[in-house]
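**Student:** below: sequence and its predicted model.
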There are 2 protein chains.
Amino acid sequence: MTNKQWQLAQRPIGAPDESTWKMVESDLPELKEGQLLIKVLYVSLDPAMRGWLNDAKSYIEPVQIGAVMRAGTVGKVISSKHDKFQEGDFVCGYQGVQEYAVSDGSMLHKVDANLAPLSYYLGVLGMPGMTGYFGLLKTGEPKEGETVVVSGAAGAVGGLVGQIARIKGCRVVGIAGGKEKCDFLVNELGFDAAVDYKSENVKKALKVACPKGVDVFFDNVGGDILDDVLTQINMKARIVICGAISQYNNTTPVKGPSNYLSLLVNRARMEGIVVFDNVSEYPSAMKDIAGWIQSGEMKVKDHIIEGIETFPNTLMMLFKGENFGKLVLKVGDAE
Amino acid sequence: MTNKQWQLAQRPIGAPDESTWKMVESDLPELKEGQLLIKVLYVSLDPAMRGWLNDAKSYIEPVQIGAVMRAGTVGKVISSKHDKFQEGDFVCGYQGVQEYAVSDGSMLHKVDANLAPLSYYLGVLGMPGMTGYFGLLKTGEPKEGETVVVSGAAGAVGGLVGQIARIKGCRVVGIAGGKEKCDFLVNELGFDAAVDYKSENVKKALKVACPKGVDVFFDNVGGDILDDVLTQINMKARIVICGAISQYNNTTPVKGPSNYLSLLVNRARMEGIVVFDNVSEYPSAMKDIAGWIQSGEMKVKDHIIEGIETFPNTLMMLFKGENFGKLVLKVGDAE
């Protein structure tokens, strides 16, 4: 049995390209006591992965050159010499961009395939879900009747954030690229308004969409959009810095927010978040989110691309704004 | 009796210059019932005044063209038809850059010339003092043993912030321009270290001065210094945005902090402050500060320039980094 795996060949300068990755085929090793073999079914593709390629101090170690590319995964246990996992279990972990993975069970947890489609465990019930849930509620602290703006609103985190804000009684405005995504936000996810950054003047459109100003901004994008929102914030506004996808492939320095002195004028705050800080509270968040999905209050949109071979190009969809919902790479079948 | 007054002639683009101001001489009007006449003794010169010249939404109305330039002042009542103020009272308010002012008593409070030198009421016991006290303690939230860095450290706000942080048991590092100022911070104000941004690589010097990283940064300066400090912050650091004097005279857009994603990596926050939010708590702050001065724990350095005629050039000392301590314009004598 052979395993295909995408390794980091060299660190990209700017956007990752063909030279960044190397596909390696190898035989699978024999399982030792305490190990299990996972067939990877779904690989999570997330903007944060770009940061993991840089050799820089961050909230997590960079991926080493020659190592399998780190990624969240859902898989199926196909053989086990581990006490806690059995053949047939579905498991969620960080098995990386490969077809099969040997695990010692660390950073691995079982998931229930009957409770939700498996891909959800990489999205609303996974890292993006936890990021949005805690980032919005604990750092954004939205109050009923306030206006919440979210960028990257048609992405995995953004769609969830906007829907939670709606459920909490806020006016919700999403920023996304293209009419199709904007229509989806308003018509399917129940956002109050959407701004199409590709065809609209964001600052002017926000003024119309947020007649009472912006109380919470959940930012996945950075760059000009962050600057535009900063011109519209209210007193004591909270800006949650979740990411800055517009800046990740820069070959020039990151564009800092020119309008940051709006924080001073408005006694506002800008605060960064990292999902891992809330691990102990994941279960209660997952319970909330699963409940909202079950009641129909929350809708989920996955964007699934098939084939491990497509990984380099599929990953780039995130940075081109081509994904519509949570981007997932399907690399295997459960049967 | 004539009054010399500096009026705003036109809004500056970039640094204010001769064309920004107009000196006007006029006769003083007769006092009406409920009014009093103040002889201005000291005029406060503060970086924030640059912002008041811009025709932009901010935390306070811009100064109108043709109006006397707004400024904090200490003066002496020389005649009064007002119930609450009498001839001989010393008063603090916003009489602006002029020799005499008629007031109806609003935004005016008496100060005690025996308790402290009158100029202190524009510095440590005035707006800069309140700014530093509340900005550091309420927004910076320094804890004993943490490292606090302050920029513009030899200025009115910075010197006070650093000393309060020291009193609260923090390691204190000041950033200032020139050896004389840096020596003063360490030798006179009891800072643990000082970084001379004019002759040192700020990032490298901070690494040495802050071996345990930066927990609180109180920023008066913005620009490259903010970016350099952002590379050194600790988890859950607090950055207090008090001002950005390096950017106030820009003719190009404000330089936003390129390294703002350090907020994300470190789950840190950046928050703006405006002194006026704490008016009701000024008395207790003034009591603390006066106590520290009396006990010798806090030292005060005023930089007093004489002569109302010098106002345009004296104001510019702030933006050239030429003031050393709280900059005050002396425009009259008490006797």
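**Tutor:** Thanks, I have the structure now. Residues are numbered from 1 along each chain as shown, chains lettered A, B, ... in the order given.
**Student:** need the residues of the stretch 201-335 of chain A near chain B, please.
**Tutor:** For the stretch 201-335 of chain A, the contact set with chain B under C-beta under 8 Å from any C-beta of the partner chain comprises A:222, A:227, A:241-244, A:247, A:253-274, A:277. In this view, the C-beta of every residue, glycine as well, is placed from N, C-alpha and C.
**Student:** just the buried ones among the residues you listed, please.
**Tutor:** Burial by neighbour count, judged by 16 or more other C-beta atoms under 10 Å in any protein chain shown, picks out A:222, A:227, A:241-244, A:247, A:254-274 from those.
**Student:** in strands only, show me those residues.
**Tutor:** Members of those lying in strands (criterion: DSSP state E): A:241, A:269-272.
**Student:** where does the stretch 1-150 of chain A have low pLDDT?
**Tutor:** For the stretch 1-150 of chain A, no stretch is flagged by pLDDT under 70.
**Student:** could you list the residues of it in contact with chain B?
**Tutor:** Contact residues, the stretch 1-150 of chain A versus chain B (C-beta under 8 Å from any C-beta): A:57-59.
**Student:** can you pull out the helices in chain A?
**Tutor:** Along chain A, counting by DSSP state H, helices occupy A:48-51, A:127-134, A:156-167, A:179-187, A:202-209, A:223-230, A:262-265, A:282-295, A:311-319.
**Student:** direction-wise, compare the fourth one with helix A:156-167 and give the angle.
**Tutor:** It stands for helix A:179-187. If you take axes from the mean of the first three to the mean of the last three C-alpha atoms, to 10 degrees, helix A:179-187 sits at 30 degrees to helix A:156-167.
**Student:** again, but for the second one
**Tutor:** Computed with the same axes, to 10 degrees, the direction of helix A:127-134 lies at 30 degrees from that of helix A:156-167.
**Student:** quick one, helix A:127-134 and helix A:282-295 angle?
**Tutor:** Going by the same axes, to 10 degrees, helix A:127-134 makes 100 degrees with helix A:282-295.
**Student:** now do helix A:127-134: distance to the chain's middle.
**Tutor:** With C-alpha atoms, centre = their mean, to the nearest Å as the basis, helix A:127-134 stands 8 Å off its chain's centre.
**Student:** you'd agree A:Gly321 is up against A:Gly177?
**Tutor:** Yes - using C-beta atoms under 8 Å, A:Gly321 is in contact with A:Gly177, at 4.4 Å.
**Student:** now do the domain split for chain A, please.
**Tutor:** A:2-123+A:300-330, A:127-276 (automatic domain parsing).
**Student:** now find how far off-centre the longest one is within its chain.
**Tutor:** Centroid displacement of domain A:2-123+A:300-330 relative to its chain, using C-alpha atoms, centre = their mean, is 14 Å.
**Student:** just the strands in the stretch 51-200 of chain A please.
**Tutor:** For the stretch 51-200 of chain A, the strands defined by DSSP state E, counting those that start in this stretch cover A:73-80, A:90-93, A:100-103, A:109-111, A:147-151, A:171-176, A:193-196.
**Student:** out of these, which gets nearest to A:Met1?
**Tutor:** Minimum separation from A:Met1 across the strands of the stretch 51-200 of chain A (C-beta to C-beta) falls at strand A:100-103, 7.3 Å.
**Student:** residue contacts, A:Tyr42?
**Tutor:** Contacts for A:Tyr42 (C-beta atoms under 8 Å, 6 or more residues apart in numbering or on different chains) come out as A:73-75, A:118-119, A:122, A:304, A:328-331.
**Student:** just to check, A:Ile225 is in contact with A:Phe217?
**Tutor:** No - contact criterion C-beta under 8 Å: A:Ile225 and A:Phe217 do not qualify, at 9.4 Å.
**Student:** mutual contacts of these two, please.
**Tutor:** In terms of C-beta under 8 Å, 6+ apart, A:Ile225 and A:Phe217 are both contacted by the residues A:Ser151.
**Student:** ok so, going back, now the ones in strands among the buried ones among the residues of the stretch 201-335 of chain A next to chain B as JSON lines including pLDDT?
**Tutor:** Formatted as JSON lines, those follow (pLDDT from 0 to 100):
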{"residue": "A:Ile241", "pLDDT": "98"}
{"residue": "A:Arg269", "pLDDT": "98"}
{"residue": "A:Met270", "pLDDT": "98"}
{"residue": "A:Glu271", "pLDDT": "98"}
{"residue": "A:Gly272", "pLDDT": "98"}
